[in-house]
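1. Sequence and predicted model, in that order:
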Amino acid sequence: MALQQLTLMDKYMTVVLGFLLIGIPVAFISPTTGELREQPFIPLFYASIGGIIAVIIYSGYKGKKAKQKANRERRRKFK
């Protein structure tokens, strides 16, 4: 059970990741007409990519800290 908690992302981070993934095509496709934009909205594209990278790094960091805490607790029980 503890391993499953470490591999899954926090539900809030999953929602944020979903919004960031939706933001990538919106940068190139106009939501009102559905056609490609003549000038893509490049800052939205790069902000989405940066946000996705930040969410992945934060999730990995959080998982690493939880694993360290679980290992610390396990070592304390066996001493």
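-> Alright, I've got the coordinates.
2. ok, how many other residues are close to residue 48?
-> Neighbour count for residue 48, taken as other Cβ atoms under 10 Å: 20. Any C-beta I mention is one placed from the backbone N, CA and C, and that applies to glycine too.
3. what about the residue nearest in space to the middle of the chain, which helix or strand?
-> Closest to where the C-alpha atoms of the chain average out (Cα atoms, centre = their mean) is residue 55, at 3.2 Å. Using DSSP states H and E, residue 55 falls within helix 42-78.
4. on contacts alone, who are the packing partners of that helix?
-> Applying 3 or more Cβ pairs under 8 Å, 6 or more residues apart in numbering; DSSP states H and E, one finds that helix 42-78 contacts helix 2-7, helix 11-28.
5. between the ones you listed, which gets nearest to residue 63?
-> Closest to residue 63 of the helices and strands packed on helix 42-78, according to Cβ to Cβ: helix 2-7, at 4.9 Å.
6. average pLDDT across the closest one?
-> Throughout helix 2-7, pLDDT has a mean value of 50.
7. Repeat that for stretch 14-23.
-> Per-region confidence: stretch 14-23 scores 91 on mean pLDDT.
8. Where does the prediction get shaky in this protein?
-> 1-9, 79 (pLDDT under 70).
9. now the helix holding residue 55 against helix 11-28, angle please.
-> On the basis of axes from the mean of the first three to the mean of the last three Cα atoms, to 10 degrees, helix 42-78 is oriented at 160 degrees to helix 11-28.
10. For helix 42-78, buried residues please.
-> Within helix 42-78, the residues that count as buried by 16 or more other Cβ atoms under 10 Å are 45, 48, 51-52, 55, 59, 63.
11. can you name the two of those that are farthest apart?
-> With Cβ to Cβ as the measure, no two of the buried residues of helix 42-78 lie farther apart than 45 and 63, at 27.6 Å.
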